[in-house]
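1. what shape does this take:
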Amino acid sequence: MCVPPQVALVALSAGSSYLQFQQQKQAQKNAQAQQIRQNEIAKKNALQRYASEQLKIRQVAQQSSQKGFEATLRARKARAEFVTTAGSSGIALSGSTNALLADFYRTEGNYKASLARNLDINVSQFERNLEAIQFGQEAQSTYVQPPNPAMLFASAVGNVANTYYGIEMQKQNMGLMTNNQKKKYGSTTNTVPSQTYKDGYI
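-> Numbering: from 1, shown residues only. Next up is the predicted model:
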């Protein structure tokens, strides 16, 4: 059985369009999987950096607390020695000795205030680092685009239709009957029958 060339060309175009459809659909699935993986990597990286920053700020807070505790112990020890020495020497706690004792408290207070200011600075830096990590994750993440097989299918059908109508146009340009004309006039001949119009022109 002989297959008409037009049918063969349309069938070939359909087969080619089907293969392209399958390849493009797989490419879209692969792109989606890559986008999902990229987002997972960005999230994992951000979580690791969050954990590192949180550990760092806990260590700084613990170190500040330890320094404050040690300063309190040293100050108490120094005050106790001063009071004991002054008492054993028979020196009454007068205005000047009270001022000296107050100096111990002021020095301790200044040191603890300095520790608190430094801790506040570190906490502010920690918060900025967390914001930077979040921004970094957003910058590294990508939009996940799901596959759109309906659009691919429509494109493939359009390619086949384009091939069919392209062949029909070539037939018409060569003076051969198109499939539509064959249905209209019958398929007894392959050329378009001439028509005579009212003014006598063909």
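
2. the residue nearest in space to the middle of the chain and Ala42, how far apart?
-> The structure's the chain has its C-alpha centroid closest to Ser141; by CA atoms, centre = their mean the separation is 1.5 Å. When CB to CB, to the nearest Å is the yardstick, Ser141 and Ala42 sit 5 Å from each other. Placement of C-beta: from N, CA and C, glycine included.

3. for Tyr164, grab the count of nearby residues.
-> By the criterion of other CB atoms under 10 Å, Tyr164 has 17 neighbours.

4. that one is in what secondary structure piece?
-> In this assignment (DSSP states H and E), Tyr164 forms part of helix 149-173.

5. for that helix, packing partners?
-> helix 5-88 (3 or more CB pairs under 8 Å, 6 or more residues apart in numbering; DSSP states H and E).

6. quick one, the helix holding Tyr164 and helix 5-88 angle?
-> Counting by axes from the mean of the first three to the mean of the last three CA atoms, to 10 degrees, helix 149-173 lies at 150 degrees to helix 5-88.

7. in helix 149-173, what counts as buried?
-> For helix 149-173, a neighbour-count test (16 or more other CB atoms under 10 Å) marks 152, 156, 159-160, 163-164, 167-168, 171 as buried.

8. looking at the residues you listed, spot the one nearest Lys25.
-> Leu152 (5.7 Å; CB to CB).

9. tell me how far the closest one lies from Tyr164.
-> Leu152 is 19 Å from Tyr164, by CB to CB.

10. ok, Ala156 next?
-> Computed as CB to CB, the Ala156 to Tyr164 distance reads 13 Å.

11. and for Thr107?
-> Taking CB to CB, one finds Thr107 at 95 Å from Tyr164.

12. what ranges in the protein fall below the confidence cut-off?
-> The chain contains residues with pLDDT under 70 at 1-7, 9-10, 86-97, 171, 175-182, 185-202.

13. run the last query once more with 80
-> Scanning the chain for pLDDT under 80 picks out 1-19, 21, 79, 82-102, 104, 146-202.

14. list the buried residues for stretch 77-85?
-> Phe82.

15. what about it, distance to the chain center?
-> Put simply, stretch 77-85 sits 63 Å off its chain's centre (CA atoms, centre = their mean, to the nearest Å).

16. how about Lys14, nearest residue that isn't a chain neighbour?
-> Slight slip there: residue 14 is Ala, not Lys. Val160 (4.9 Å; CB to CB, 6 or more residues apart in numbering).

17. again but with Leu100, I slipped
-> Nearest non-adjacent residue to Leu100, counting by CB to CB, 6+ apart: Phe82, 7.1 Å away.

18. just checking, the one you found touches Ala102?
-> No: taking contacts as CB atoms under 8 Å, Phe82 lies outside contact range of Ala102: 11.2 Å.

19. list the residues that contact the residue nearest to the centre of the chain.
-> Taking CB atoms under 8 Å, 6 or more residues apart in numbering as the criterion, Ser141 is in contact with 38-39, 42-43.
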